[in-house]
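>>> Sequence first, then the predicted structure:
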Amino acid sequence: MQNNTLNELLIIGNGFDLQCKLKTKYTDFFSKKYGIDFLTEKYIEKFPEQTVIQCKQKAIDFFINVFKEKLYNLNVEKFIQSNSDSYGYLINYFKQIFRQNFSDFEPTLTNWDIIFISSYVLMSNSDKFQWVDIEKMIFKTVTIVFKNKKEIFSNSEFPNDQARMKFINIVQYCFKDNKDLSTSMLDSLKKFEKSFALYIKNLIYKSKDHYFKRSEKLLKYLTRKLQ
């Protein structure tokens with residue numbers, strides 16, 4: 001007797017969670033992790049007559065202006081030539097910026113966080129509500145660190161050459177002290193990904209009743225032709 005059972009593999013990704021109303025984009029994650037949501041709430045309290053979008057724009061502008069000033073004043077070139085501890089210094093420097101300007105808001109940071117924040121602040125972006133392409137940024141960062149191909153970041157990606165070289169120097173400095181670069185970069189990336197996974201886990205926990213109902217409904221819809 002022939003077995004007519006149909007076996008199908010359904011592959012779902014981040015779009016599934018987004019359809020279930022979870023804020024799982026990197027943009028949402030960064031806004032939460034780096035204090036933009038925190039600042040937005042402060043502005044909502046301070047300016048109740050303004051919309052949430054207006055308050056978030058104020059938070060984004062404040063974030064960019066603070067970090068842009070600090071990064072342009074940072075002499076990364078000098079640090080690259082020195083024997084200072086690159087991992088500890090930049091992370092502590094960024095934490096200090098958060099403490100001094102974000103009402104003691106202090107996120108857990110890795111060198112990849114330093115790179116993502118720096119790219120957001122220094123690179124040209126017509127829509128400040130959107131962050132950079134993370135996968136592409138990881139690829140370009142690895143290329144610079146291992147192959148020293150600075151041209152992988154074009155001038156068109158930055159408002160000026162000073163910003164471009166500042167960012168490239170930050171990338172090189174982040175991993176300059178490690179003998180086993182591949183392990184160091186991967187370990188740091190795993191810590192970053194772990195924080196992202198925890199963020200999503202917390203989202204599901206906070207809205208689990210709605211999420212499970214929506215996900216069940218969506219799964220039934222996606223598999224309707226297989227039944």
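The structure has been received and is ready for your questions.
>>> any idea of the mean pLDDT for whichever helix in the chain runs longest?
Criterion DSSP state H: the longest helix present in the chain is helix 181-206. Mean per-residue pLDDT for helix 181-206: 91.
>>> most centrally placed residue in the protein?
Phe30 (4.7 Å; Cα atoms, centre = their mean).
>>> and the angle from the helix or strand hosting that one to helix 181-206?
Phe30 belongs to helix 26-33 when elements are defined using DSSP states H and E. With axes from the mean of the first three to the mean of the last three Cα atoms, to 10 degrees defining the directions, helix 26-33 sits at 80 degrees from helix 181-206.
>>> other SSEs contacting helix 26-33?
helix 36-46, helix 111-122, helix 181-206 (3 or more Cβ pairs under 8 Å, 6 or more residues apart in numbering; DSSP states H and E). In short, each C-beta sits where N, CA and C put it, glycine included.
>>> If you average pLDDT per helix and strand, which one of this protein comes out bottom?
helix 76-81 (a mean of 73; mean pLDDT, DSSP states H and E).
>>> could you point out which element follows it?
Note on helix 76-81: by DSSP H and E, the next helix or strand toward the C-terminus is helix 86-101.
>>> who's in contact with that next one?
35, 62, 66-67, 70, 74, 79, 105-107, 109-111, 113-114, 117, 170, 173-178 (Cβ atoms under 8 Å, 6 or more residues apart in numbering).
>>> Can you flag the buried ones in these?
When burial is judged by neighbour count using 16 or more other Cβ atoms under 10 Å, the buried members of the contacts of helix 86-101 are 35, 62, 66-67, 70, 74, 79, 107, 109-111, 113-114, 117, 170, 173-176, 178.
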